[in-house]
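**Student:** pasted the sequence and its predicted model underneath.
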Amino acid sequence: MTSEIDHLVTSGTFSLDGGTWDVDNNVWIIGDEREAIVIDAAHDAAAIRDALGGRTLKAIVSTHAHNDHIDAAPVLADATGAPILLHPADLPLWEMTHPDRRPDGELADGQTLTVGGIELKVLHTPGHAPGAVCLYAPELGTVFTGDTLFQGGPGATGRSFSDFPTIIGSIREKLLALPGDTKVRTGHGDSTTIGDEAPHLQEWLDRGH
């Protein structure tokens with residue numbers, strides 16, 4: 001069976017520390033013609049369900065718990081029966097958006113999720129958020145980085161629950177260790193590769209010492 005990556009862009013708002021901003025989010029769907037995993041159920045549960053095309057949703061994986069990455073997760077979970085998975089360090093952020101609905105399972109560094117014959121390795125990459133994770137699919141030559149790494153540099157660390165030296169350490173230890181041709185599929189904006197970002201990131205890494 002053919003493995004595939006589907007990409008959906010949804011629009012909504014991000015709110016934290018008393019501010020609200022309009023954002024476009026990347027939603028990634030990984031699987032085959034029978035089953036799939038959704039990475040970051042953002043804003044529009046109906047559009048995400050439509051993009052599944054009748055496939056069985058095995059899990060809703062949250063790269064972190066900022067509201068724009070999880071706001072549609074409970075509705076999508078209720079509609080499909082799929083569990084919501086989140087690193088437990090992000091529960092305080094999760095509860096700011098969904099105080100009455102906890103995730104269904106936990107993500108842990110080194111854990112492997114399998115869907116449609118594809119293995120996704122969980123990499124705990126705190127910094128943008130305490131429980132931020134990336135998902136590395138070696139067979140597909142890609143890593144889903146949420147808001148940890150973008151085209152042009154690390155994710156933002158200027159708001160609550162974030163820390164610049166921590167995100168620099170996460171990128172150095174977990175992401176720059178991946179092959180240079182690994183495609184980086186981000187939580188917002190365009191994709192890139194580890195090789196394209198490494199020279200630029202060295203400047204950020206130097207500032208983190």
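**Tutor:** Arrived safely, thanks for sending.
**Student:** tally of neighbours for Glu197?
**Tutor:** Neighbourhood size, Glu197 [other Cβ atoms under 10 Å]: 23. Every C-beta, even on glycine, is put in place using the N, C-alpha and C of the backbone.
**Student:** surely it and Thr182 touch.
**Tutor:** No. Glu197 is beyond contact range of Thr182, at 10.0 Å (criterion: Cβ atoms under 8 Å).
**Student:** helix/strand/coil for Gly158?
**Tutor:** Recorded secondary structure, Gly158: coil (DSSP: H, G, I helix; E, B strand; the rest coil).
**Student:** likewise for Met96?
**Tutor:** helix.
**Student:** swap in His200?
**Tutor:** His200 ends up helix, using three-state DSSP.
**Student:** same question for Ile168.
**Tutor:** Under three-state DSSP, Ile168 comes out as helix.
**Student:** my guess is it contacts Leu149, does it?
**Tutor:** No. The criterion here is Cβ under 8 Å, and Ile168 misses it with Leu149 at 10.9 Å.
**Student:** which of those two has more neighbours?
**Tutor:** Between Ile168 and Leu149, counted using other Cβ under 10 Å, Leu149 has the larger neighbour count: 28 against 20.
**Student:** ok, now which ones touch the more buried one?
**Tutor:** By Cβ atoms under 8 Å, 6 or more residues apart in numbering, the contact list for Leu149 reads 134, 155, 171, 175, 184, 186, 197, 201.
**Student:** now, which of those lie within strands?
**Tutor:** 134, 184, 186 (DSSP state E).
**Student:** kindly supply the PyMOL command isolating those of these that are buried.
**Tutor:** In PyMOL, this line selects whichever of those come out buried by 16 or more other Cβ atoms under 10 Å:
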select buried, resi 134+184+186
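**Student:** all helices of the protein, in order?
**Tutor:** Ranges of helices in the chain, per DSSP state H, are 45-52, 67-70, 73-80, 91-97, 164-170, 194-207.
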